[in-house]
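Participant: Sequence first, predicted coordinates after that:
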Amino acid sequence: MPRAPINGTEIYYETYGDGFPLVFVHGGFGGLGTGQGGGTPGWVEQFAKHFRVILYDRRSSGRSGFPETPHTMDQFADDLHELLRHLGLQRALVWGTSAGGPITLAFGLRHPSAATALVVAESAPWLSRDADLLARLKERIAILESRGAEAAYEARREGGTVGLNLFAPQRAAQTVEEERSRDQRRAAIQAQLAAVPREERIAKYASELRTYSAYADWDGSTRLGELKMPVLIVYGTADTVFPDAGWDRLTAGLPNFEYRPFEGAEHGVASVRPDGLAVILEFLRKHAPGTGR
């Protein structure tokens, strides 16, 4: 399986199809259970008819390396840039979903000449506006930095797992299918964790916290005007992972931004349902050199 030496670690990647490159930046915050690591998104076959689709596992996620060095948002953006260089590519379309959204924005800000167009789906230009959540998360990161990985892992006994809520339990499932999907995700993660030795669980939890540390103080909302390439925002208005992102207000007056809200859609729904994928595909084809419409 292809791996590239990138900025002090190894980055796993896969490519599908031909044409102008489209890089997908996955969601999740790494560690065990919430990062990339198996399974090709269902949309890849369709999009690979138009683009060279590049999937990769971010550092501290899935099949990539788990370095014990600090993680930053600039570093995540640079990892993507170096992966393109490794593949001999100067420019690409970049589509980031959920936790991949801030990385996509950071990439556009840090490497504008390499970003032909951006798609930010199911995300926000920050980690959270919840001051209590951020405080608890930073406290856990501080334990990792001052007392080490095992102390941070043991802190879960008293303080619980901190981070964004990936299952949105505060909102009841709207359909039987949604409830079944939540249950399946929980069961899959629990089974994965149960099969992993404790030492590895501790190390991977530390990697998850390092990833969170890159997001904790990052806020791209005041820099959106610096992005000059076309940008599409796809967002479900019932998103409870990145709630009340305010994309309509943030993108107002920015002519290169296209905001497409999906009323009532929960996190992870808008960009995978057929009409959401159609919006993304149309946007990408419109802005990819040589693809036409």
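Facilitator: The structure has been received and is ready for your questions.

Participant: Only C-alpha atoms from now on, for both contacts and neighbour counts.
Facilitator: Fine.

Participant: and the closest residue to residue 229 other than its chain neighbours, helix, strand or coil?
Facilitator: Leaving aside its sequence neighbours, residue 229 sits nearest to residue 117 (C-alpha to C-alpha, 6 or more residues apart in numbering; 5.4 Å). When classified by DSSP: H, G, I helix; E, B strand; the rest coil, residue 117 comes out as strand.

Participant: Now do the same contact list for residue 117.
Facilitator: 92-94, 229-231, 284, 287-288 (C-alpha atoms under 8 Å, 6 or more residues apart in numbering).

Participant: So in terms of bridging, what pairs with it?
Facilitator: residue 93 (DSSP bridges).

Participant: how close does it get to residue 157?
Facilitator: For residue 117, the distance to residue 157 (C-alpha to C-alpha, to the nearest Å) stands at 44 Å.

Participant: Please apply the same query to residue 238.
Facilitator: 31 Å.

Participant: Only the buried residues of the helix or strand residue 276 falls within, if you could.
Facilitator: Per DSSP states H and E, residue 276 falls inside helix 274-287. For helix 274-287, the neighbour count (16 or more other C-alpha atoms under 10 Å) marks 276-277, 280-281, 283-285, 287 as buried.

Participant: Worst mean pLDDT across the helices and strands of this structure, which element?
Facilitator: Taking mean pLDDT, DSSP states H and E as the measure, the chain has helix 176-194 as its least confident helix or strand, at a mean of 71.

Participant: helix, strand or coil for the nearest residue to residue 248 once chain neighbours are set aside?
Facilitator: Excluding its sequence neighbours, the residue lying closest to residue 248 (C-alpha to C-alpha, 6+ apart) is residue 259, at 6.8 Å. Look at residue 259: counting by three-state DSSP, its state is strand.

Participant: Just give the number of residues close to residue 149.
Facilitator: Residue 149 sits with 23 neighbouring residues when counted by other C-alpha atoms under 10 Å.

Participant: these two touch, right, residue 48 and residue 17?
Facilitator: Yes - with contact defined as C-alpha atoms under 8 Å, residue 48 and residue 17 form a contacting pair (4.5 Å).

Participant: Check whether residue 143 really touches residue 154, as I assumed.
Facilitator: No - Residue 143 is not in contact with residue 154 according to C-alpha under 8 Å; the separation is 10.1 Å.

Participant: Look up how far residue 132 lies from residue 139.
Facilitator: The separation that residue 139 has from residue 132, given C-alpha to C-alpha, amounts to 11 Å.

Participant: Residue 90 too?
Facilitator: The gap separating residue 90 from residue 132 is 41 Å, by C-alpha to C-alpha.

Participant: Could you do residue 218 as well?
Facilitator: The value you get for residue 218 to residue 132, if C-alpha to C-alpha is used, is 16 Å.

Participant: Comparing these two, which residue is more hemmed in?
Facilitator: Legend: neighbour count by other C-alpha under 10 Å for residue 218 and residue 132, higher for residue 218 (17 against 10).

Participant: and that one, what does it touch?
Facilitator: Residues near residue 218 by C-alpha under 8 Å, 6+ apart: 73, 126-127.

Participant: How about residue 254?
Facilitator: Residue 254 neighbours (C-alpha under 8 Å, 6+ apart): residue 225.
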